[in-house]
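**Q** 3D, please:
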Amino acid sequence: MRLTALPFICLILPAFLIISCKKEVAHFQTETISDYMPLQPGKYLIYQVDSTVFTNFGRTEEVHSYQEKDVVDTLITDNLNRPSYRVYRYLRDSAGTGNWQPISTYFITPVANGVEVIDDNLRTLNLIVPIQQGTTWKGNRYLPTEPYSDQYSFNNDDNMSDWNYTMDSTNETLSLNGQTYDNVVKITAEDETINFPITDPQSYASQSYAVEKYAKGIGLIYKELILWEYQPNIGGASPYQTGFGIKRTLLDHN
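**A** Numbering: from 1, shown residues only. Just a heads-up that it's a prediction; the model follows:
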């Protein structure tokens, strides 16, 4: 009886193993770029913008505030013959009482593994898949050497193309301007400081900071970019600061 049953057992065992293996196959589905950057004509986002500038030959720091509205216009073909969305940008006063004034145009281009943004002739890869904590990429890979050299005399932009964009988290809850947003992806591109806050006014200081946050089903809800440096009193010259800082926080959207 044992010899007769053995071939039968040997036949059903491989079949059982195959069925068991099939049941254990997992199908992982990542969230898509469009989940965090919806693009359709008429889509708009309104931000409170706080812009930091240095005036009076770099001796005075000022913060200028206003509102900014980005509106997706239509799908076009970019100069690389790729489908791209044209976005119009408008500005008005910080109280929101004035009329919207057109200020610029930029482009958002979906690519194979993410989405590119071309703003002020600077091309960046802002989001990629998979949308999960720990994802890292060179988001500034397309930037030229010293992309802000025609506007600022500082060293902060010397290695921007090497910045590592990192998804620090993918399920944040964030409150902005009285609204709460869930399923927020936080992306840090740079966070480096020297002598900041300035505790030694006789020494060089600088700050390079870049972070973006996207809410699922909405898009970009927070963005901050800070690039400035401080030059101390050298050879009798007055100390000064040069650079900029800009922060966008979402006010409204459709």
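**Q** what about stretch 32-50, distance to the chain center?
**A** 12 Å (C-alpha atoms, centre = their mean, to the nearest Å).
**Q** report the buried residues of it.
**A** Buried residues in stretch 32-50, counting neighbours by 16 or more other C-beta atoms under 10 Å, are found at 33, 35-39, 43, 45-50. Quick note: C-beta positions are derived from backbone N, CA and C, even for glycine.
**Q** same thing with stretch 245-254?
**A** 245-251, 253.
**Q** just the CA coordinates of that stretch, formatted as CSV?
**A** Output in CSV follows, covering the C-alpha atoms of stretch 245-254 (Å, rounded to 0.1, in the frame of the first residue of the first chain):
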residue,chain,number,x,y,z
GLY,A,245,13.9,83.4,0.1
ILE,A,246,10.4,82.6,-1.1
LYS,A,247,7.6,80.7,0.6
ARG,A,248,4.3,79.6,-0.9
THR,A,249,1.4,78.4,1.2
LEU,A,250,-1.9,77.3,-0.3
LEU,A,251,-4.9,79.6,0.2
ASP,A,252,-7.5,78.1,-2.2
HIS,A,253,-7.9,75.7,-5.1
ASN,A,254,-10.5,74.0,-7.2
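**Q** all numbers from here: first residue = 22
**A** OK, 22 is where the count begins now, so the last one is stretch 266-275.
**Q** please work out the average pLDDT along that stretch.
**A** Regarding stretch 266-275, the rounded mean pLDDT is 98.
**Q** go on, stretch 82-89?
**A** For stretch 82-89, the per-residue pLDDT averages 98.
**Q** look up which residues are beta-bridged to the residue most central in space within the chain.
**A** Among the residues of the chain, the one closest to the centroid is E233, at 3.8 Å (C-alpha atoms, centre = their mean). Beta bridges link E233 to I208, K244 when assigned by DSSP bridges.
**Q** K244 is in contact with that one, correct?
**A** Yes: in this structure, E233 is within contact of K244 by C-beta atoms under 8 Å, at 4.9 Å.
**Q** and I242, what does it touch?
**A** By C-beta atoms under 8 Å, 6 or more residues apart in numbering, the residues touching I242 are 66, 195, 197, 202, 205, 234-236, 270-271.
**Q** same check on N161?
**A** 145-146, 181-184, 186, 210.
**Q** and for D56?
**A** 152, 237-238.
**Q** next one: Y57
**A** 148, 152, 206, 235-237, 240.
**Q** then D141?
**A** Counting by C-beta under 8 Å, 6+ apart, the residues that D141 touches are 125, 127.
**Q** perfect, I'm done here.
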